[in-house]
Each structure stands twice: as structure tokens, then as C-alpha cells.
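Chemist: Sequence first, then the predicted structure:
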Amino acid sequence: MEKDLLELQTLIDVHFDQRKKDEEELISLKERIERRRAERAEIQRVRTEKEKDRQNRIAEERQRKEEEEAKKKADDEAKKKKVLSGMGANFGGFLAKAETRKGKRFTGREIKKKTLAERRQPLATDNLREDGLRQRAQDMWNRIYELESEKFDFMDLHNTKKGHGKGKVGGRWK
């Protein structure tokens, strides 16, 4: 009986030792998980901060360029007005009327910027998985296909219109 009691006591001791080791291991694993979670959170915070800084720099650069462009336009307008005011009072009135009649005309560069701004779509692929990337690539391919077909239609229309009015005049082709 004493032998059984001694054996039981050793089993209990072994069990409690093993349980203590398991608890210590569990605590260390939990600490490691928490430490990694904190590291990932810090990395994500730094990443978002850098992205925010980059967006701010881009916005500031864009605003600076717009201000420079507006200042340049204002300077050009001031020069034009100064020159026109020197030409005579009647001509200035005529110019003002003509400007109100025709409205604002866009330069080729402004038209191109406006068109590209309408057509460009942001390429947000940061958080997409493989199937999302595949879908995004398919959408982009469809858009390119659509634009190419529009281009072909316009070129065909242009060539067709270009061909109209061509005919034999006085024995030769015009």
C-alpha cells in the first residue's frame, strides 16, 4: 500500500511539474503573440503615416503648381489688359463684348488634361488577393479593348469623311 501511495505521489508530482511547464510555455507563447501583434501594429502605423505624408506632399505639389499656373495666367491677363488699354478705349469695349460672346476657350493642353482626368481611374491593387487582381486585369483589358475599338471607329469615320468630296474635277482628281 505504501508503495502505491509513493507511486501515486510521484505521479502527482510529475503531473504538477508538467502542468507548471505547460503553463509557463503558454504564458511565453501569449507574450510572444502579443509582442508580434504590437510590432505589426507599429509597422502598420508607420506605413500609414508614410502614405499620409506622401499624399500630403502630392497635394501640396499639385496646389503649388495650380497656384503658379493661376499666377501666370493672371500676369498674362494683366499684360494683355495693359496693352489693350493703351490701344484705345473703344477697342477695349469691343474686346470685352467679344470675350463675353465667345465664352471661355480651352487650349489643347487643357482639353487633354480634362479628358485624361475623366478617363483615368485609380489603380487600387494594394489590398487585393489573386482573384481580385485577375478581375482588375480583366477589367483593364476590357477598357483597353473598348478604347481601341473607339479609336478604330473614329479613324474609319475620319477616313470616310476624308474620302467624301474627292472626285474628278477638270480631268484630274482633287
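Modeler: Perfect, thanks for sending it.

Chemist: For the rest of this, base every contact and every neighbour count on C-alpha atoms.
Modeler: Fine.

Chemist: what are the ranges of the helices in this structure?
Modeler: 2-87, 89-102, 108-119, 130-163 (DSSP state H).

Chemist: Got phi/psi on the residue nearest the centre of the chain?
Modeler: The residue lying closest to the centre of the chain (C-alpha atoms, centre = their mean) is P122, at 3.7 Å. Main-chain torsions, P122, degrees, to the nearest 10: phi -70, psi 140.

Chemist: Return the distance of it relative to E42.
Modeler: Using C-alpha to C-alpha, to the nearest Å, P122 is found at 27 Å from E42.

Chemist: go on, R105?
Modeler: 52 Å.

Chemist: do R109 as well
Modeler: According to C-alpha to C-alpha, R109 and E42 sit 44 Å apart.

Chemist: higher neighbour count, the two?
Modeler: E42 (12 against 9; other C-alpha atoms under 10 Å).

Chemist: Nearest spatial neighbour of L133, chain-adjacent residues omitted?
Modeler: The shortest distance from L133 to any non-neighbouring residue, by C-alpha to C-alpha, 6 or more residues apart in numbering, is to T125 (6.8 Å).

Chemist: Look up phi and psi at that neighbour.
Modeler: Dihedral angles for T125 - degrees, to the nearest 10 - are phi -120, psi 10.

Chemist: Look at it and report its pLDDT.
Modeler: T125 carries a pLDDT value of 75.

Chemist: same thing with H158?
Modeler: Taking H158 on its own, its pLDDT is 84.

Chemist: same check, this time on the one 4 residues further on
Modeler: As predicted, K162 sits at a pLDDT of 74.

Chemist: ok, it - how many residues close by?
Modeler: K162 has 10 nearby residues by other C-alpha under 10 Å.

Chemist: residues touching it, list them.
Modeler: If a contact means C-alpha atoms under 8 Å, 6 or more residues apart in numbering, then K162 has no contacts.

Chemist: Tell me how far it lies from Q44.
Modeler: 59 Å.

Chemist: Over to L6?
Modeler: The gap separating L6 from Q44 is 57 Å, by C-alpha to C-alpha.

Chemist: and the helices of the chain, which one's lowest on average pLDDT?
Modeler: Per-stretch mean pLDDT for the helices of the chain is lowest at helix 89-102 (a mean of 57).
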